[in-house]
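Next one to model:
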Amino acid sequence: MSHRRCRRRPSSPPPVRAHPLEDDDLLHEILLRLPPQPPYLLHASVVSKRWRRLAKDPKFLRRYRIHHRKPPLVGDFSYQGRKFSFRSYLDPPYRIPPEHFSLPLSSREVWPCLDCRHGRILFDNYLQS
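Numbers count the residues shown, from 1 in each chain. Modelled structure (predicted):
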């Protein structure tokens, strides 16, 4: 009985794995878990053209809104002494300056708030006689 020696073929090198951030599905999952405050997704979208394309994809944005349920409360308005003032709830450096939401009022103008929905406020404007 003769023993035949089997030659092993040299194994092919293992496939080169892509970097984890090269996988769009994985990157979507990472972006999905960013905090819901506005600047985080914006900062991620300026990393590269690819990240921007993924961050502004309508399907991703729909999933992002569903995942975080309610949009964050960025601030509120108060009306005191015939003057509107805005108070931001965001922490620095993302705090919104009150000047960005100022309404110039004259002594005869009246700005009653009519309604507030989906992050928008509806004011009426008329002159008091």
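
Could you pull out the buried residues of the longest helix along the chain?
In terms of residue count, the longest helix belonging to the chain (DSSP state H) is helix 58-68. Residues of helix 58-68 classed as buried under the neighbour-count rule (16 or more other C-beta atoms under 10 Å) are 60, 64. Bear in mind the C-beta positions are built from the backbone N, C-alpha and C, glycine included.

now swap in stretch 90-108 and tell me
Neighbour-count burial for stretch 90-108 flags residue 101 (criterion: 16+ other C-beta under 10 Å).

which outside residues touch that stretch?
Taking contacts as C-beta atoms under 8 Å, 6 or more residues apart in numbering, the residues outside stretch 90-108 that touch it are 37-39, 72, 74-75, 77, 82-88, 111, 123, 127-128.

The protein: helices as residue ranges?
Along the chain, the segments classed as helices by DSSP H run 24-32, 38-45, 49-55, 58-68.

my read: residue 51 touches residue 24, true?
No - distance between residue 51 and residue 24: 10.1 Å, which falls outside the contact criterion (C-beta atoms under 8 Å).

of the two, who's got more company?
A direct count of neighbours by other C-beta atoms under 10 Å for residue 51 and residue 24 places residue 51 higher, at 17 against 13.
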